[in-house]
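Enquirer: Here is a sequence together with a model predicted from it:
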Amino acid sequence: SKVCSRLCDSVRLNLIDNKFPIVLSGDHSSALGTISGIKAAYPEKELGVIWIDAHADLHTPYTSPSGNIHGMPLAAALNDDNLDFQINEVIDDTDLYWTQMKNIGIDGPKIKHESIIYFGVRDMEEPESESIKKNNIKNYTVAEIRFRGMEKCLNEAIQKLDHCDHIYVSFDVDSMDCDLISNGTGTPVSKGFDEYEVMQIIESFVNTNKVICFEVVEVNPTLDYKGNKMAETAFDVLKVATLAIAKTLQ
């Protein structure tokens, strides 16, 4: 709650100062602070979310099998407890801080379900998959993109967020194939994207001129059995993203 509140303030102040925030974070729980900061800066604007990740991050304290906060940021930003799939009884302190987290920046929801688009999600539990199904959240899997074609899927996704004033892009490095890249992340998953596919996804949304914040998360060099391969690959993606962003700001 404290970390996300501080990040929210930082993102909000940077946006108000007409600066483009790039957030580099350890785990994906930071995304709640980032989203909250964007919404606090532009409370009347509709925010679209591009979530490039192996995981849906739609758990809540009531549904999570692990209790890991980095699996909950989107649920908190949506203000959606998903109580239909409750498996946990939470203590009072957890309930208190979860309520605080859902109300960081501004009270209530920061985003809508229809304004989220997933890329590469392939590892989730039933409460998340059922929430995705119930709320009709689009997930462009690696297999679908390679079968239908990247350009076709991207054009379709951009059209889906046509109603949004701004877009936030969140890139979790575990969206990439751990067998192809490395295991240098907390929850590696095979059969993911390569770095060039990720670069293309990010560049396409940046080129809409709606992207106002970019986040990179979950690099963990201590888990990397290929030296520093994951961090180096993430930096290559970051370099491409910042060059694309710089062009839109000229």
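Expert: Everything's here; your move.
Enquirer: C-alpha only now, for contacts and for neighbours.
Expert: OK.
Enquirer: What residues of the longest helix seen in the chain count as buried?
Expert: As assigned by DSSP state H, the longest helix anywhere in the chain is helix 229-249. By neighbour count with 16 or more other Cα atoms under 10 Å, helix 229-249 contains the buried residues 229, 230, 231, 233, 234, 237, 238, 240, 241, 244, 245.
Enquirer: outside of that helix, which residues touch it?
Expert: The contact list for helix 229-249, computed with Cα atoms under 8 Å, 6 or more residues apart in numbering, reads 173, 181-185, 195-196, 198-199, 202-203, 206-207, 209, 216, 219-221, 224.
Enquirer: Now it - C-alpha only, PDB.
Expert: C-alpha atoms of helix 229-249 as PDB (Å, rounded to 0.1, in the frame of the first residue of the first chain):
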ATOM      1  CA  LYS A 229      20.400 -12.500 -20.500                       C
ATOM      2  CA  MET A 230      17.000 -11.500 -19.200                       C
ATOM      3  CA  ALA A 231      18.100  -8.000 -18.100                       C
ATOM      4  CA  GLU A 232      20.000  -7.500 -21.400                       C
ATOM      5  CA  THR A 233      17.000  -8.600 -23.400                       C
ATOM      6  CA  ALA A 234      14.600  -6.400 -21.400                       C
ATOM      7  CA  PHE A 235      17.000  -3.500 -21.900                       C
ATOM      8  CA  ASP A 236      16.900  -4.100 -25.700                       C
ATOM      9  CA  VAL A 237      13.100  -3.900 -25.500                       C
ATOM     10  CA  LEU A 238      13.300  -0.700 -23.400                       C
ATOM     11  CA  LYS A 239      15.600   0.900 -25.900                       C
ATOM     12  CA  VAL A 240      13.200   0.300 -28.800                       C
ATOM     13  CA  ALA A 241      10.300   1.500 -26.700                       C
ATOM     14  CA  THR A 242      12.000   4.700 -25.600                       C
ATOM     15  CA  LEU A 243      13.100   5.500 -29.200                       C
ATOM     16  CA  ALA A 244       9.500   5.100 -30.400                       C
ATOM     17  CA  ILE A 245       8.200   7.200 -27.500                       C
ATOM     18  CA  ALA A 246      10.800   9.900 -28.200                       C
ATOM     19  CA  LYS A 247       9.500  10.200 -31.800                       C
ATOM     20  CA  THR A 248       6.000  10.700 -30.600                       C
ATOM     21  CA  LEU A 249       7.100  13.500 -28.300                       C
END
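Enquirer: That one - what's its average pLDDT?
Expert: The average pLDDT within helix 229-249 is 97.
Enquirer: Distance of the closest residue to residue 16 other than its chain neighbours relative to residue 111?
Expert: Among residues not flanking residue 16 along the chain, residue 41 sits closest, at 6.3 Å (Cα to Cα, 6 or more residues apart in numbering). According to Cα to Cα, to the nearest Å, residue 41 stands 14 Å off from residue 111.
Enquirer: do the same with residue 55
Expert: Per Cα to Cα, residue 55 is found 18 Å from residue 111.
Enquirer: same deal with residue 18?
Expert: Residue 18 is 22 Å from residue 111, by Cα to Cα.
Enquirer: Same drill for the two, tell me which one is more crowded.
Expert: residue 111 (22 against 10; other Cα atoms under 10 Å).
Enquirer: part of a strand, is that one?
Expert: No: secondary structure assignment (DSSP: H, G, I helix; E, B strand; the rest coil) places residue 111 in coil, not in a strand.
Enquirer: In what element of secondary structure is residue 76 found?
Expert: If you go by DSSP states H and E, residue 76 is part of helix 73-78.
Enquirer: Give the other helices and strands that that helix contacts.
Expert: helix 30-41, helix 92-102 (3 or more Cα pairs under 8 Å, 6 or more residues apart in numbering; DSSP states H and E).
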